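**Q** What would the 3D arrangement of this be:
(one chain, ligands or ions: 1)
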Amino acid sequence: MGDKQYKPLKAKKKFGQNFLQDQSVIERIVNAFNPQKTDTVYEIGPGHAALTEHLVEYTDDLNLIEIDNDLVPRLQVKFDMKGNVTIHHKDALEWTVPDSNTRIIGNLPYNISTPLLISFLYQADKIKDMVFMLQKEVVKRICAPAGVKAYGRLSVMLQYAFDCEELFIVPPEAFYPRPKVDSQIIRLTTRESPAKVDLKAMESLVKQSFAQRRKTIKNNLKKIITEQQLIEVGIDPKARPETLSVADYVNLTNAYGSAGGSPAK
Ligand code: SAM
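**A** Just a heads-up that it's a prediction; the model follows:
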């Protein structure tokens with residue numbers, strides 16, 4: 001058994017392949033995730049199974065989602081005898097989270113990390129929590145509080161649905177091949193009862209609000225929301241978009257929606 005019958009593979013840039021090789025980092029990530037026997041766990045992009053080999057020891061229901069045609073047969077050989085592992089040969093961007101209370105982990109391919117996170121945002125009601133490796137700069141953006149430069153669309157949208165927690169930084173030397181940037185671990189825990197909002201409308205409104213960060217919120221939204229309407233929901237029209245809280249964006253969406261500024265029903 002094992003994958004000795006295969007020739008070494010070249011890492012594929014198009015799939016964002018940077019494989020973890022530092023055992024202490026691998027163990028820290030698995031510890032941060034803290035998998036339990038009865039959890040339903042999905043790992044995005046298992047690659048050569050750096051994290052998987054640990055996860056398989058802890059949980060009875062481990063699911064792997066891998067897109068690479070060359071890696072999938074190796075994973076099948078490696079985990080063939082393990083009754084607790086299911087391999088899904090597919091694109092994670094097309095994956096629908098199946099159950100409630102799903103836990104997700106992954107050293108994400110950086111080229112698709114933002115669309116993947118947005119896909120999980122729309123499925124947050126079925127997710128318990130997620131631990132991901134991302135580019136450090138993306139983790140900083142996601143976790144940034146209102147008022148700082150890094151706070152933007154991704155911060156507002158993800159903080160709306162998840163409690164976002166920065167964990168440790170991982171240097172390029174922990175991978176082969178080495179990425180050009182630092183990486184960081186983040187934990188996203190689904191909020192129990194976020195305020196009700198039409199997510200699509202909020203996404204569109206937040207996008208418009210941050211279209212020109214140096215402009216005021218009034219100027220960014222002038223085509224859809226009047227100065228008076230901003231004042232009515234307690235927002236200073238002269239404020240910059242990065243000073244508005246997540247709650248401000250929820251209130252604004254609920255009051256005026258995004259389609260031509262017509263009030264949400
Ligand atoms: N988990 C491994 C590790 O830590 O060494 C590999 C991480 S590597 C950064 C990203 C992995 O995601 C690769 O195995 C890659 O083939 C896979 N991948 C890339 N795009 C994907 C997609 N759209 N859907 C599923 N897997 C994908």
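**Q** can you give me the strands for the chain?
**A** 19-20, 40-44, 61-66, 85-89, 102-107, 127-135, 162-170, 175-176, 183-190 (DSSP state E).
**Q** who are the neighbours in contact with the closest residue in space to residue 245 that isn't next to it in sequence?
**A** Setting aside the residues directly before and after it, residue 245 is nearest to residue 146 in space (C-beta to C-beta, 6 or more residues apart in numbering), at 5.0 Å. (Glycine included, C-beta is placed from N, CA and C.) Contacts here follow C-beta atoms under 8 Å, 6 or more residues apart in numbering; on that basis residue 146 touches 155, 242-246.
**Q** do you know how far residue 146 is from residue 135?
**A** Relative to residue 135, residue 146 is positioned 22 Å away (C-beta to C-beta, to the nearest Å).
**Q** Could I get the buried residue list for stretch 215-226?
**A** Across stretch 215-226, burial judged by 16 or more other C-beta atoms under 10 Å covers 216-218, 220-221, 224-225.
**Q** possible to save those as CSV with distance to the ligand and pLDDT?
**A** Formatted as CSV, the buried residues of stretch 215-226 follow (distance: C-beta to the nearest ligand atom, whole Å; pLDDT from 0 to 100):
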residue, distance to the ligand, pLDDT
216, 38, 98
217, 35, 98
218, 40, 97
220, 33, 97
221, 34, 97
224, 34, 93
225, 36, 95
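**Q** In helices, which of the residues you listed fall?
**A** Members of the buried residues of stretch 215-226 lying in helices (criterion: DSSP state H): 217-218, 220.
**Q** got a markdown table for those, with distance to residue 84 too?
**A** Putting these into a markdown table (distance: C-beta to C-beta, whole Å) gives the following:
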| residue | distance to residue 84 |
| --- | --- |
| 217 | 50 |
| 218 | 55 |
| 220 | 50 |
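**Q** before we move on, back to that, please identify the deepest-packed of the strands of the chain.
**A** Stretch with highest mean neighbour count among the strands of the chain: strand 102-107 (a mean of 24; mean count of other C-beta atoms under 10 Å).
**Q** Give me the residues contacting that one.
**A** 18, 20, 29, 33, 35, 39-45, 47, 50-51, 55, 92, 97, 120, 126-133.
**Q** likewise stretch 151-163?
**A** 114, 117-118, 121, 124, 130, 138, 141-146, 164, 188-191, 194, 197, 202-203, 206-207, 210, 213, 242, 246, 249-250.
**Q** Mind checking which of these are buried?
**A** Counted by 16+ other C-beta under 10 Å, the contacts of stretch 151-163 give 114, 117-118, 121, 124, 130, 138, 141-144, 146, 164, 188, 190, 194, 197, 202-203, 206, 210, 242, 246, 249-250 as buried.
**Q** Tell me which of these fall in helices.
**A** Within those, residues falling in helices by DSSP H are 114, 117-118, 121, 138, 141-143, 202-203, 206, 246, 249-250.
**Q** Now for these: which two are most distant?
**A** Farthest apart among these by C-beta to C-beta are 138 and 250. That separation is 22.8 Å.
**Q** In contact with the nearest residue to residue 111 once chain neighbours are set aside, which residues?
**A** Leaving aside its chain neighbours, residue 111 sits nearest to residue 16 (4.6 Å; criterion: C-beta to C-beta, 6+ apart). Each residue near residue 16 by C-beta under 8 Å, 6+ apart is listed here: 45, 108-112.
**Q** Now a PyMOL select for only the buried ones of those residues.
**A** Filtering the contacts of residue 16 down to the buried ones (16+ other C-beta under 10 Å) takes a single PyMOL command:
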select buried, resi 45+108+109+110+112
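**Q** Filter the contacts of residue 16 to keep only those in contact with the ligand.
**A** 45, 109, 112 (C-beta under 6 Å from any ligand atom).
**Q** Could you dump those residues into CSV and include pLDDT?
**A** Formatted as CSV, the ones next to the ligand among the contacts of residue 16 follow (pLDDT from 0 to 100):
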residue, pLDDT
45, 98
109, 95
112, 96
